[in-house]
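# need coordinates for the below:
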Amino acid sequence: MFEKLSKYIGENIKLLIDRPDGTYCFRLHNDRVYYMSEKILKLATNISRDKLVSVGTCFGKFTKTQKFRLHITALDFLAPYAKFKVWVKPGSEQSFLYGNHIMKSGLGRITENTSQYQGVVVYSMSDVPLGFGVAAKTTQECRKVDPMAIVVFHQADIGEYIRSEDTLT
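I've put the predicted structure just below:
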């Protein structure tokens with residue numbers, strides 16, 4: 001899980017745990033990883049684990065093959081600490097929010113020195129976080145590639161709140 005988080009925010013993971021408003025932690029419950037303050041953690045110990053549905057913010061889950069999949073609910077915590085960012089043109093926002101990859105024609109800006117397969121947080125041109133993905137090309141390759149080439153692979157977007165509302169917890 002920390003490997004996946006470090007793809008997006010690097011060594012800023014420490015800032016998620018030692019926050020000015022208290023100490024926070026990650027807890028595994030039913031193959032899902034939750035992020036919560038230690039105060040909430042102490043309160044949750046009063047409830048038996050089999051009756052506890054969720055506690056804190058779900059950051060993601062482990063699949064049946066034990067790979068960690070980051071959920072869109074983690075976006076609000078990842079966006080402020082993101083090392084690599086991509087801004088999408090207004091015309092391509094809707095396409096990304098429907099679950100499609102970002103093409104070069106829809107790319108507004110990209111952080112300098114973004115390497116290939118680097119985790120990126122996707123923003124609108126007005127700096128609203130829309131989701132996250134993986135860079136398909138480096139920053140330098142993005143400048144030369146044709147307009148219909150994929151530059152960011154889609155991972156999660158805020159449209160999932162509507163598309164997958166029954167499975168997000």
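
# now do the contacts for residue 130.
Residues in contact with residue 130 (CB atoms under 8 Å, 6 or more residues apart in numbering) are 88, 93, 96, 97, 122, 123, 124, 157, 158. (Each C-beta comes from the backbone N, C-alpha and C, glycine too.)

# equivalent analysis for residue 32, please.
Residue 32 sits next to 54, 58, 60, 61, 62, 169 when contact means CB under 8 Å, 6+ apart.

# now swap in residue 70 and tell me
Counting by CB under 8 Å, 6+ apart, residue 70 touches 4, 5, 8, 59, 60, 132, 155, 156.

# confirm residue 35 sits in a helix?
No - inclusion of residue 35 in a helix is not indicated when DSSP: H, G, I helix; E, B strand; the rest coil is applied; the result is strand.

# correct me, but it touches residue 23?
No - counting by CB atoms under 8 Å, no contact exists between residue 35 and residue 23, whose distance comes to 11.9 Å.

# the two: who's more crowded?
Ranked by neighbour count (other CB atoms under 10 Å), residue 35 and residue 23 place residue 35 first, with 20 against 11.

# got any ranges where the protein has weak pLDDT?
Under the criterion of pLDDT under 70, the regions of the chain flagged as low confidence span 165-169.

# all strands of it, in order?
With DSSP state E as the definition, the chain shows strands at residue ranges 18-19, 22-29, 32-37, 57-62, 68-70, 85-88, 102-103, 107-110, 119-124, 129-135, 150-157.
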